[in-house]
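Student: make a model of this:
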Amino acid sequence: MSEEFELRPDQWDALKALRAPAANPSRLNRFAVESLMTLGYVAVRGDSFELTPAGRKVLVRGSSLLLLDIAA
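Tutor: Below is the predicted model of the structure:
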């Protein structure tokens, strides 16, 4: 099973920023976070955001295109 997660760079940045439990919501790209919420990768918890289990899976598995960009 080869799942591919194609997200925009700003979405990847938001996912990576949300790995930390104390992520500062004011420093996150609001549009990227809202799009990740629509995809089910981020949820609102009180006054902050948190990764959902699906969001963690996406972050761990990554994207082959993202890896190619890093390698270039």
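
Student: what's the closest non-adjacent residue to the residue nearest to the spatial centre of the chain?
Tutor: Nearest to the mean C-alpha position of the chain, by C-alpha atoms, centre = their mean, lies residue 15 at 2.3 Å. Setting aside the residues directly before and after it, residue 15 is nearest to residue 59 in space (C-beta to C-beta, 6 or more residues apart in numbering), at 5.0 Å. C-beta: built from backbone N, CA, C; applies to glycine.

Student: show me what contacts that neighbour?
Tutor: 15-16, 19, 51 (C-beta atoms under 8 Å, 6 or more residues apart in numbering).

Student: phi first, then psi, for it.
Tutor: phi -60, psi -40 (degrees, to the nearest 10).

Student: and what of residue 7?
Tutor: phi -120, psi 160.

Student: hmm, residue 55 and it touching each other?
Tutor: No - look at residue 7 against residue 55 with C-beta atoms under 8 Å: they stay out of range, at 10.5 Å.

Student: so what sits against both of these two?
Tutor: By C-beta under 8 Å, 6+ apart, the residues touching both residue 7 and residue 55 are 15, 36.

Student: show me where pLDDT drops low in this structure?
Tutor: 1-5, 21-25, 63-72 (pLDDT under 70).

Student: now the strands: where do they sit in it?
Tutor: 42-45, 48-51 (DSSP state E).

Student: what about residue 60, neighbour count?
Tutor: Residue 60: 7 surrounding residues under other C-beta atoms under 10 Å.

Student: no wait, residue 56
Tutor: With other C-beta under 10 Å as criterion, residue 56 counts 15.

Student: ok, it to residue 40 distance?
Tutor: 12 Å (C-beta to C-beta, to the nearest Å).

Student: got it, and residue 29?
Tutor: 18 Å.

Student: ok, now which ones touch the residue nearest to residue 49 when sequence neighbours are not counted?
Tutor: Setting aside the residues directly before and after it, residue 49 is nearest to residue 42 in space (C-beta to C-beta, 6+ apart), at 5.2 Å. With contact set as C-beta under 8 Å, 6+ apart, residue 42 has these partners: 14-15, 18, 33, 36, 49-52, 55.
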